[in-house]
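J.: Sequence and computational prediction follow.
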Amino acid sequence: MCSHCGCRANTVIARYSAEHDDIVNAMGVLRRAASAGDRAGTGASARALAGLLDPHTASEERSLFAELRLDAEFPDHVDGLCAEHREIDAALARVADGDLAAVGTLEHILRRHIDKEENGLFPAAVIALDGAAWERVVSAAS
């Protein structure tokens, strides 16, 4: 995860980054269960990962992403990230339904997505949004 630009000094970005860390760790648990052929463990891990992802993506979309859509520079990028949220959900659903071969695809999509947020969107948001915008983000993120 990003640690060089200082964007984690922003409380919302710090929260989303910490959630990314938890999501990546949960993905590792899922991958290990699937690699061992542990279907029950994979199912439980998929549910645990969904339990982290669902509130995280909902909060991002109703707060930070919604605010960034108001800036002419960001709508296409935000739309792409929202589409990736749906793609991650679909891949996770395949894994939860027992498709252990989909774990590699899920992990690739998830890590690529997090990298885009951590090393692109979050630093850009800290620069682009002003104090009033961040107040709206904080309010909507809760």
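T.: Thanks, I have the structure now.
J.: Now for residue 92, which secondary structure element holds it?
T.: helix 75-96 (DSSP states H and E).
J.: what residues does that helix touch?
T.: 30, 34, 42-43, 46-47, 49-50, 53, 57, 60-61, 65, 68-69, 102-103, 105-106, 109-110, 112-113, 116-117, 120-121 (C-beta atoms under 8 Å, 6 or more residues apart in numbering). In short, each C-beta sits where N, CA and C put it, glycine included.
J.: Buried ones among those residues?
T.: Among the contacts of helix 75-96, those classed as buried by 16 or more other C-beta atoms under 10 Å are 30, 34, 42-43, 46, 49-50, 53, 57, 60-61, 65, 68-69, 102-103, 106, 109-110, 113, 117, 121.
J.: and the lowest-mean-pLDDT helix or strand in the chain, what does it pack onto?
T.: Using mean pLDDT, DSSP states H and E, the weakest-scoring helix or strand in the chain turns out to be helix 122-128, at a mean of 94. With contacts defined as 3 or more C-beta pairs under 8 Å, 6 or more residues apart in numbering; DSSP states H and E, the packing partners of helix 122-128 are helix 11-35, helix 64-68.
J.: next helix or strand past the helix holding residue 92?
T.: Scanning forward in sequence from helix 75-96 by DSSP H and E, the next helix or strand is helix 103-116.
J.: the inter-axis angle of that next one versus helix 11-35?
T.: 160 degrees (axes from the mean of the first three to the mean of the last three C-alpha atoms, to 10 degrees).
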